[in-house]
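Asks: Quick one: sequence plus predicted model below, questions after.
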Amino acid sequence: MIALLLGIAAATRNSAAKSGARVSPGAGQEKQAARADVTHGKKIYDARCEICHFSASTGKKIGPGLKGLMARGKYADGKKVDDESLRMWIEKGGKDMPGYKGVLKEDEVRDLIAYLKTL
């Protein structure tokens, strides 16, 4: 009986993961719950970032163009581009960029970073 219930639970998790649904954290599910949603990240980018940053160009709009940001590997100031530095930049902002800590939730920042990696 227990094996049957465990099998059903595993099948449900696998089905949810394949459909792209977010799964609540449980034993061994933390990685699935932490999976970023690129589509949602694009929506956040379009609403919050696109006004100041080009996504398909490195040219300056108000802020720098973000195309190939991860591939470049460094910001204009020479600091390394990675998930943590992007998170800090998004949350704290910069010279002409507002910070979004308290505006965007943790999962929204994670989704936005996932989208930025596709540029």
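Replies: Perfect, thanks for sending it. Computed from a prediction, not measured in an experiment: that's the story for all the values here.
Asks: Using neighbour counts, pick out the buried residues of stretch 74-94.
Replies: Judged by neighbour count (16 or more other Cβ atoms under 10 Å), stretch 74-94 contains these buried residues: 81, 86, 87, 89, 90. For the C-beta atoms, the positions are set from N, CA and C on the backbone; glycine is no exception.
Asks: residues contacting residue 68?
Replies: By Cβ atoms under 8 Å, 6 or more residues apart in numbering, residue 68 lies in contact with 58, 119.
Asks: If we use 6 Å, what do you get?
Replies: If you count contacts by Cβ atoms under 6 Å, 6 or more residues apart in numbering, residue 68 has none.
Asks: can you tell me how far it sits from residue 47?
Replies: 22 Å (Cβ to Cβ, to the nearest Å).
Asks: Residue 56 now?
Replies: Taking Cβ to Cβ, one finds residue 56 at 17 Å from residue 47.
Asks: what's the answer for residue 106, then?
Replies: On the measure of Cβ to Cβ, residue 106 and residue 47 end up 17 Å apart.
Asks: repeat for residue 35
Replies: Taken as Cβ to Cβ, the span from residue 35 to residue 47 is 21 Å.
Asks: How about residue 79?
Replies: Between residue 79 and residue 47 the distance is 26 Å, computed by Cβ to Cβ.
Asks: Kindly report the same for residue 78.
Replies: Residue 78 is 30 Å from residue 47, by Cβ to Cβ.
Asks: for residue 102, same thing?
Replies: Taken as Cβ to Cβ, the span from residue 102 to residue 47 is 16 Å.
Asks: so what's residue 78 up against?
Replies: Residue 78 neighbours (Cβ under 6 Å, 6+ apart): none.
Asks: Could you report the neighbour count for the residue lying closest to residue 51 once chain neighbours are set aside?
Replies: Leaving out its chain neighbours, the residue that sits closest to residue 51 by Cβ to Cβ, 6 or more residues apart in numbering is residue 62, at 7.4 Å. Applying other Cβ atoms under 10 Å, we find 10 residues neighbouring residue 62.
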